[in-house]
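> Here is my input; please provide its structure:
(one chain, ligands or ions: 1)
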Amino acid sequence: MILTINCGSSSLKYRLFSKDLDKVIASGLIARIGEEGAYCEHQAHERRAQLHQPIPDQDAAFDIMADNLMHSEFAVIENPREISAIGHRAVHGGDVFVESTLVTESVMEQLNSCIRFAPLHNPANIAGIEECQKKFPGIPNVVVFDTAFHQTMPPEAHIYALPYDLYERHGVRRYGFHGTSCRYVAQAAADMLNRPVEDLSMVVCHLGNGVTIDAVKGGKSVDTSLGFGTFCGISMGTRAGDFDPAIIFHLVKELGMSIEEVEAICYKKSGLLGVSGVSNDMREVEQRAAEGDKRCALALEIFVYHIRKMIGSYAAAMNGLDALVFTAGIGENSATVRSKVCAGLGVLGVHIDEGINEIVRDGHPNISAADARVATLVVPTDEERMIAIDTVALVH
Ligand code: ADP
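All right, here's what the predicted structure looks like:
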């Protein structure tokens, strides 16, 4: 069996796959670790349980996971040895990690050197690996990076026009995120089209709370909308997306804000929430916009306009576009967003069937109109499966 771990600062998601990855045997989410209202959801044997209990730290969370898998009424394994490998999600691999890798001592050292790039996320990912080494000794661990897929970007796409020294000495460059999702979805889209991924130029729109638009040419990421950090590109739930950095100097020098206040504005108070003034949740923004709320309608328009512009620029960067792929919470579920994004892309050959777009949830992944030059697809993402696939490949 293969276990996948996605460890955040206050959450732990896990999934246990059968050896051939055909079946999900058990899965769970432990949330609000170290906070009030901590809980654990566990699913196995086609049953689901939710338990509210104090969960003081990651160590306790891993104990609960191990207990759920091995000792509870939901137990699915008798001995940890039944797990042949564990795959971990890591947010930032810097430019050290260009692909998934088996965990060794030197990999752990290199992982620690990447903490400076993702101080909020990487420590939790590292802690997750250490917990597994402690609780499941002798079982190989594999680490899969959100940034690795984008390491194929050419220099003109990943180097900012800042003093070169900042790039060379301090690693200031575009890294990109959501790479595991984009890689999975790009391959799945090629499979759906029954064409080799190597022959396709596609734009993957990962539209969740965080948003990545990714240019994938020949199966490789050649440009991506997130950068050094995670607030540039498209406006998101609470993040601004692209805006003129001169505004930051203005906020600090003219309005007297501290750098922490500006950071909070960029990451937590902008995007759908900042413009609408009501919510970072696309469902609510859409609903209120439909009821006539002007600020919600504007937040939605800004969101889709950013995406449309990015798709156009990536079609130019790749000198063509064969497929446009929507994924993640908004991409998979919002017919409105898909319709609005595609409405301005006729010039590129994107043309969707509005009727099919509405019924995607009934299983129509290809929403292109009959006369479209570009295939437009809705592909559910599955980062856990991608992590498991890499884990199996590396362990065998
Ligand atoms: P995360 O980045 O946290 O993994 P998700 O991929 O789960 O995020 O996406 C969360 C987003 O998806 C939220 O903005 C949510 O409102 C949106 N979403 C989920 N279902 C729908 C829906 N039916 N219509 C519109 N938006 C939706």
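> give me the low-pLDDT residue ranges for the stretch 251-396 of the chain?
362 (pLDDT under 70).
> how about the residue lying closest to residue 32 once chain neighbours are set aside, what does it touch?
For residue 32, ignoring the flanking residues on the chain, the nearest one in space by CB to CB, 6 or more residues apart in numbering is residue 38 at 4.4 Å. All C-beta atoms are positioned from the backbone trio N, CA, C, and that covers glycine. Residues near residue 38 by CB atoms under 8 Å, 6 or more residues apart in numbering: 30-32, 52-55.
> got CSV for the residues you listed, with pLDDT and neighbour count too?
Converted to CSV, the contacts of residue 38 look like this (pLDDT from 0 to 100; neighbours: other CB atoms under 10 Å):
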residue, pLDDT, neighbour count
30, 96, 26
31, 95, 18
32, 93, 14
52, 93, 10
53, 91, 10
54, 93, 11
55, 95, 23
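> The stretch 151-300 of the chain: strands as residue ranges?
201-207, 211-217, 220-224 (DSSP state E, counting those that start in this stretch).
> Which one of those strands lies nearest to the ligand?
The ligand lies closest, by CB to the nearest ligand atom, to one member of those: strand 201-207, at 7.3 Å.
> so does the top helix by length along the chain get close to the ligand?
If you go by DSSP state H, the chain has its longest helix at helix 294-318. No - no part of helix 294-318 sits close enough to the ligand to count as contact by CB under 6 Å from any ligand atom; the gap is at least 10.0 Å.
> quick one: buried residues of that helix?
296-297, 299-300, 302-304, 306-308, 310-312, 314-315, 317-318 (16 or more other CB atoms under 10 Å).
> Get me the contact residues on the stretch 101-250 of the chain for the ligand.
208-210, 237.
> swap the cut-off to 5 Å and go again
Residues of the stretch 101-250 of the chain lying close to the ligand (CB under 5 Å from any ligand atom) are 208-210.
> where do the strands sit along the stretch 1-150 of the chain?
Going by DSSP E, counting those that start in this stretch, the stretch 1-150 of the chain shows strands at 2-7, 11-17, 24-31, 39-44, 47-52, 85-90, 101-102, 141-145.
> Note down every partner strand of the third one and its orientation.
What it means is strand 24-31. When sheet partners are counted by DSSP bridges, strand 24-31 sits next to strand 11-17 (antiparallel), strand 39-44 (antiparallel).
> can you put those in CSV and add mean neighbour count?
Shown next, in CSV, are these (neighbours: other CB atoms under 10 Å):
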stretch, mean neighbour count
strand 11-17, 22
strand 39-44, 18
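> Take the strands of the stretch 151-300 of the chain and write them to a markdown table, including distance to residue 140 and mean neighbour count.
Putting the strands of the stretch 151-300 of the chain into a markdown table (distance: least, CB to CB, whole Å; neighbours: other CB atoms under 10 Å) gives the following:
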| stretch | distance to residue 140 | mean neighbour count |
| --- | --- | --- |
| strand 201-207 | 29 | 27 |
| strand 211-217 | 29 | 27 |
| strand 220-224 | 27 | 23 |
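> Dump those to TSV, plus mean pLDDT.
Formatted as TSV, the strands of the stretch 151-300 of the chain follow (pLDDT from 0 to 100):
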stretch	mean pLDDT
strand 201-207	98
strand 211-217	98
strand 220-224	98
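> just the contacts of residue 38 now: which is nearest the ligand?
residue 31 (12.2 Å).
> okay but the closest one is in contact with residue 42, surely?
No - applying CB atoms under 8 Å as the test, residue 31 and residue 42 come out as separate, 11.9 Å apart.
> quick one on the thing from earlier: with distance to residue 73 as new columns, can the strands of the stretch 1-150 of the chain be given to me in CSV?
Putting these into CSV (distance: least, CB to CB, whole Å) gives the following:
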stretch, distance to residue 73
strand 2-7, 20
strand 11-17, 16
strand 24-31, 12
strand 39-44, 9
strand 47-52, 8
strand 85-90, 24
strand 101-102, 34
strand 141-145, 28
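> If you average pLDDT over each of these, which is lowest?
Per-segment mean pLDDT for these reaches its minimum on strand 47-52, at a mean of 90.
> Provide the strand pairings for that one, with the direction of each partner.
Paired strands of strand 47-52, with direction, are strand 39-44 (antiparallel) (DSSP bridges).
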